[in-house]
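>>> Below: sequence and its predicted model.
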Amino acid sequence: MTNILELKNIDKSYDAYTHILKGINLNLKSGESVSLVGASGSGKSSLLHIAGLLDSYQEGTIIIDGQNMNNIGEDKKTKIRLEKIGFIYQFHNLLPEFCAWENVAYPMWVKGISRPDAKKKSIKLLELVGLQDKINSSATKLSGGEAQRVAIARSLVNNPKIILADEPTGNLDDENTQNVWALLLDLVKQQNVSLLCVTHDMNLAKKTDNIYSLKNKKIVKINK
């Protein structure tokens, strides 16, 4: 399998006294699922945001789908994020004024896809995540588990190469956590998408292909 994401010697500092990542190397292969664990404040989310071109870094190189991301403009970064990366967060970040299918369709509208075509694909994805009866439901009427399923569907809508997930089940109860996690991993395999996921739950992490731990600014692979 080829590498879809390569992080090479990434250093991140907020100031001269706050160095949070040092010499980070991580490869994510096509279709691979990887968990990133570590203590609160260890830099997990920062590394995820760097990988998603949402945060700056002082040293190193990011390569996405064979293309070097260093020194590209913001317009190009936005295009890469829109076309190659899907994001899922702990809080679903659904737009309250939109119904379920409109929330899924939104990234397609940004990309310029017509409303009818976007709706058709959004409905298919909502059916895929088991929400065929919630297609027209207001975002404000969905349960936490349902809203996170909508967020998963939204992350897949532009056929990304990579999904970056930051504690995607951190705001759910145990039952919904297990259900949403199983759904996410199943969809990753079905769609042949790569997943890099931050989680504090080692039991969930063990269900991914590989686990890495961030500690003392360094990254280490954990044997399952």
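Ah, there it is.
>>> now the least confident helix or strand in the chain by mean pLDDT, how far from the centre of its chain.
Taking mean pLDDT, DSSP states H and E as the measure, the helices and strands of the chain show their lowest mean at helix 174-191, namely a mean of 84. On the basis of C-alpha atoms, centre = their mean, to the nearest Å, the separation between the geometric centre of helix 174-191 and that of its chain is 13 Å.
>>> Which strands or helices does that helix pack on?
Helix 174-191 sits against helix 144-156, strand 162-166, strand 194-198, with contacts defined as 3 or more C-beta pairs under 8 Å, 6 or more residues apart in numbering; DSSP states H and E. For every residue, glycine as well, the C-beta is placed using N, CA and C.
>>> Measure how the first one sits relative to helix 174-191, angle-wise.
Think helix 144-156. 20 degrees (axes from the mean of the first three to the mean of the last three C-alpha atoms, to 10 degrees).
>>> Find the nearest non-adjacent residue to the residue nearest in space to the middle of the chain, please.
In the chain, the centroid-proximal residue (C-alpha atoms, centre = their mean) is L164; its distance is 1.9 Å. In space, not counting the residues next to it along the chain, L164 is nearest to G52; the distance is 4.8 Å by C-beta to C-beta, 6 or more residues apart in numbering.
>>> what residues are up against the one you found?
For G52, the set of contacting residues under the criterion of C-beta atoms under 8 Å, 6 or more residues apart in numbering consists of R81, I85, F87, L164.
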